[in-house]
Each structure stands twice: as C-alpha cells, then as structure tokens.
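Enquirer: The following comprises the amino acid sequence and a computationally predicted model.
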Amino acid sequence: MRVLVIGSGGREHALCRALSLDPQVSELHCGPGNPGIAALAVLHPVDPVDPDAVSALALRIQADLVVIGPEAPLVAGVADAVRQTGIACFGPSAEAAAIEGSKSFAKDIMIAAGVPTARSYTCTTAAEAEPALSAFAPPYVVKDDGLAAGKGVLVTTDRAAAAAHAASCERVVIEEFLDGPEVSLFALCDGSTAVALQPAQDFKRAYDGDEGPNTGGMGAYTPLPWAPEGLVKQVMTEIVQPTVNELAARGTPYTGVLYVGLALTSDGPKVIEFNARFGDPETQVVLDRLATPAAGLLHACATGTLDAHPPLTWHDGAAVTVVLAAENYPDSPVKGDAIDGIAEAGAIPGAYVLHAGTAVGEAGELCTAGGRVLNVIGTGKDVPTARAVAYRAVGEIRIRGAHHRGDIAAMKGD
Ligand code: AMP
Ligand code: GLY
C-alpha cells in the first residue's frame, strides 16, 4: 500500500512511524513533513491546506491512502478533494470537520444527539456576553468560536479578564466549568462504525502544577491506570456513537478520528471539546502502544469497512511523552536555536525522539522551527517506569532557552 501523510508535526511523525511498521506499507510519503520524518518517508514540499495541490500529489504518487494529520487542511476541504479523485482518505469532510472548526456547531450536534457537555451560550456582542458570564459561577470558561490551535480558550476566575477575552472574539462560546480529571479518547470512524483507541491524558498548561497559559499540549501518557472501569464503553455508547449517528443523519458522515476531550465529572463523563483529528501529543503515546497494523486500520476507516476489521490489539505497558518547547512558547516561540543530543536520548533503552518544530539550518545543522520542538518518548512496563525513561532521555537533549514540564505523568507521591 502507498500511503501519503499530510502534516509536519510530532503527531505526523508518530503516524509515519506507526505506518512504517506496518508490513502492508510499500511506500511512505509525507507532505510537507519535517527532518525527523525524512528518515521514514519521502518528503514532498506541498502546501497542506491547498486541496488541489494535495490531491494532485496523491494522484502523482499513486497513493492508495491519504492520512490527513492537522485540522487546518480538513477544515479547508482537503479530504473532500482527495476523495473526489477516488483515492481513499482518512479524515473528515470540511462539513464534518466543523465539529472542531466551530465550537457552536459542535454544541449543536451534542444537543441534538443528547451528548453530555457543559451548558453554554454563543454570543456575538459584549451585551450578550455579560448575562452569559453571570449565568455561571466562576471559574469562567470563554472560548473563541473558530480554530485557535488550542489557544482560544480562557479559563479564569477573573471576571474582567473573561469579559475582555469575550470582547476580543467575533463569536464566543461561554460555558459552564466542568470539574474533574481530563481524558482524551480517540474514536476511529468510517461514517457509521466507531472503534475506540486506548485513552490518554494530556497536559495542556505550559508550566508544572497546571500553571500558566493553555498550550497545544506539553506531554501525555497512556494507559490511565486510574480510569474508571467501563469508561471507554460508556463514552462510546453515550457520546461517540450518538455523535456519529447524528452526523450521518445530517448527510455529513464522519470518516477519520473523532477526538473526544472529556472531563470526568461527578455526574459522569462530559465533553469538553471535539476535535476532527488525532490529538498532539496524545497520539505519540497511543500509537506507540497500538499493536494492530496502522495502515490496514486507517484504510478500513477510509473505505467504510471498519465493521469487518478484527478487534484492536495493544502492547502491554505504558508510554509517556514529554514535549520540549522553544523559548517563549506559547506566546512567540524563538526559532533557529541548535538542537543537540537526540542520538544520545534515543540510545537510552525504551526511549526515542519524534520531531515537531524542527528544521535543517543553512549549515546542515538541526535547529528549532516551531513552538513545540521535540517529543521525547519513554516506554516501560508501567507509567512510572516509562516516565523515568522519558525524563532520562529529556536530560540528554540540549536546546538553548527550551522548557518542558517536570510533572508529566506524575502520580500522587512522585
Ligand atoms: P479546548 O480548546 O476546548 O480543549 O479547551 C482547552 C482547555 O481548556 C481544556 O483542555 C480544558 O483544560 C479547559 N476547558 C475548556 N472547556 C472547559 C470547561 N467547560 N470546563 C473546564 N475546563 C475547560
Ligand atoms: N493535545 C490537545 C490537542 O491536540 O488538541
């Protein structure tokens, strides 16, 4: 099978790694990719949000499957364009991807499908935002309606800051605060059938102890030893299948991965957000544990044959990833700093490094080129072991000004 992956981050590096391990894959391509992915796939300098360019590339390399990583190409209709050429595509249509691209559309679907989520108001003026803020007790949750790379959400007890953020958005969703641990669950969907991957936990705030601004995610681990028994089954029955059914009934069947961001509240699991793509960095740990060959599985989603696919199998043990972020991430990350120590980190048993925001400099040296620079992965028999391996490997990497969290996957008492 010839597979083309679209995107250039740590998630796409993890996807390429998993696909490269599937014996069914005869050729692996990635556009535009990054220097880490170059070791696994042929890179193509394509604009990932240009539907014509991506479908022309897929035709030229005679791809059997296109896997779209990030949300921006999905929202831009890249999956629609690829499917129109007759090539199987893993990723929802632009209409279905609005489940991530518009918070108010997502709320609409959830209400129609009876899916538990935070009560909310969608507002377009400050005059509407004021009573909406008053309707809920602090902390206030204020979300920009459009795509904002995980940074359009403000959760604060400061009423004036909440009102100011609302005023800065064209359209804003103001909602009830959901209290409880967060879980990321990815459901693979083929339009009607949905299959869950193993749940993971992400660390969204920039600094230790969940302090600082929201980021795209500073680390993740799987499995979740503390997750309640039956959680995945409950989420599939109460949340995922009703959502998939609702989208199908509206004539916009969902093909790809539905990312369910959950809060486990005292009233049961509730949806914090849906995304139309794999989570980053949760994918890096979830795919590490997936034993089922990835290409056959994603192809089954893209071709509506997931119901005939054998049950998924998983490697025992755990995986932890720690994100190394550039100086000043998430505000205005500094680019162009040298990256050293990847080989040393990868030499530690059970550890490896995936590239996210990296580039090759003029002298051929590896340097930083984005906010989240590297994902350091540690694996082991359980979460504490995998965590120790990940942090040993982090200790080998040298990037001027870089920062990372020290408490990823820390359990009580660590
Ligand atoms: P989102 O972009 O919707 O995932 O929001 C980013 C982060 O803000 C989430 O991962 C949560 O930590 C937090 N958040 C969003 N909505 C809520 C909510 N209703 N209650 C509590 N925390 C929330
Ligand atoms: N890690 C959170 C996200 O991918 O949105």
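Expert: Arrived safely. All of these numbers come straight from a predicted model, not from anything done at the bench. Numbering: from 1, shown residues only. Ligands and ions are numbered 1, 2, ... in the order given.

Enquirer: Relative to ligand 1, how far out is whichever residue of the stretch 251-400 of the chain sits closest to ligand 2?
Expert: Per Cβ to the nearest ligand atom, the residue of the stretch 251-400 of the chain with the smallest distance to ligand 2 is G279, at 3.5 Å. C-beta here means a position set from N, CA and C on the backbone, and glycine is covered the same way. Going from G279 to ligand 1 by Cβ to the nearest ligand atom, to the nearest Å gives 10 Å.

Enquirer: Run a quick neighbour tally on that residue.
Expert: Neighbour count of G279, defined by other Cβ atoms under 10 Å: 24.

Enquirer: didn't it look like it was pressed against G217?
Expert: Yes - in this structure, G279 is within contact of G217 by Cβ atoms under 8 Å, at 6.9 Å.

Enquirer: Common neighbours of the two, please.
Expert: D202 (Cβ atoms under 8 Å, 6 or more residues apart in numbering).

Enquirer: and the end-to-end length of stretch 228-239?
Expert: Stretch 228-239 has an end-to-end distance of 16 Å (Cα to Cα, to the nearest Å).

Enquirer: Close to ligand 1: what parts of the stretch 101-250 of the chain are there?
Expert: In this structure, the stretch 101-250 of the chain approaches ligand 1 at residues 118, 141, 143, 150, 153, 155, 175-178, 182, 204, 214, judged by Cβ under 6 Å from any ligand atom.

Enquirer: one more time with 8 Å
Expert: Neighbours of ligand 1 within the stretch 101-250 of the chain, by Cβ under 8 Å from any ligand atom: 103, 118, 120, 139, 141, 143, 148, 150, 152-153, 155, 175-179, 182, 202, 204-205, 214.

Enquirer: Could you identify the buried members of the residues you listed?
Expert: Neighbour counting over those (16 or more other Cβ atoms under 10 Å) leaves 103, 118, 120, 141, 143, 150, 152-153, 155, 175-176, 178, 202, 204-205, 214 as the buried ones.

Enquirer: Hmm, which of those is lowest in pLDDT?
Expert: Least confident by pLDDT among these: that is G150, with 54.

Enquirer: got any ranges where the protein has weak pLDDT?
Expert: Segments of the chain classed as low confidence (criterion: pLDDT under 70) are 147-151, 413-414.

Enquirer: So which residues on it come close to ligand 2?
Expert: 11, 150, 184, 202, 204, 216-217, 220, 259, 261, 273, 275, 277-283.

Enquirer: Counting only helices, which of these make the cut?
Expert: R11, E282, T283 (DSSP state H).

Enquirer: Specify which member of these is nearest to P23.
Expert: T283 (21.3 Å; Cβ to Cβ).

Enquirer: In this structure that closest one contacts E12, no?
Expert: No - if you go by Cβ under 8 Å, T283 and E12 don't touch, sitting 9.0 Å apart.

Enquirer: Can you give me every residue that contacts V82?
Expert: P51, V54, S55, A58, V66, I68, C89, G91.

Enquirer: got those residues as JSON lines, with secondary structure columns?
Expert: Putting these into JSON lines (DSSP: H, G, I helix; E, B strand; the rest coil) gives the following:
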{"residue": "P51", "secondary structure": "helix"}
{"residue": "V54", "secondary structure": "helix"}
{"residue": "S55", "secondary structure": "helix"}
{"residue": "A58", "secondary structure": "helix"}
{"residue": "V66", "secondary structure": "strand"}
{"residue": "I68", "secondary structure": "strand"}
{"residue": "C89", "secondary structure": "strand"}
{"residue": "G91", "secondary structure": "coil"}
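
Enquirer: Look up how far T292 lies from the residue nearest to R17 when sequence neighbours are not counted.
Expert: Closest residue to R17 apart from its sequence neighbours, by Cβ to Cβ, 6 or more residues apart in numbering: L40 at 6.4 Å. Separation of L40 from T292 (Cβ to Cβ, to the nearest Å): 19 Å.

Enquirer: same deal with D202?
Expert: D202 is 22 Å from T292, where distance means Cβ to Cβ.

Enquirer: what's the burial count for the residue nearest to R17?
Expert: Neighbour count for L40, taken as other Cβ under 10 Å: 18.

Enquirer: My understanding was that it contacts D22; is that so?
Expert: No - at 11.9 Å, L40 does not count as touching D22 under the criterion of Cβ under 8 Å.

Enquirer: If G256 is in a bridge, with which residues?
Expert: Beta-bridge partners of G256, counted by DSSP bridges, are C189.

Enquirer: Let me see the contact set for it.
Expert: The contact partners of G256, taken as Cβ under 8 Å, 6+ apart, are I68, L74, A79, F90, G91, P92, A96, L188, C189, A276, R277, C301.

Enquirer: Buried among the residues you listed? Need that as a selection in PyMOL.
Expert: Buried residues within the contacts of G256, by 16+ other Cβ under 10 Å, are selected in PyMOL with:
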select buried, resi 68+74+79+90+91+92+96+188+189+276+277+301
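
Enquirer: quick one: secondary structure of the residue sitting furthest away from the middle of the chain?
Expert: Centroid-distance maximum for the chain: A127 at 34.3 Å, with Cα atoms, centre = their mean. Classification of A127 by three-state DSSP places it in helix.

Enquirer: One more: A388?
Expert: Following three-state DSSP, A388 is assigned to helix.

Enquirer: wait, what's in contact with it?
Expert: Residues in contact with A388 (Cβ under 8 Å, 6+ apart) are G378, G380.

Enquirer: re earlier: with neighbour count and distance to ligand 1 added, can I get the ones in helices among the residues of the chain next to ligand 2 in a markdown table?
Expert: Shown next, in a markdown table, are those (neighbours: other Cβ atoms under 10 Å; distance: Cβ to the nearest ligand atom, whole Å):
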| residue | neighbour count | distance to ligand 1 |
| --- | --- | --- |
| R11 | 26 | 16 |
| E282 | 29 | 11 |
| T283 | 33 | 15 |
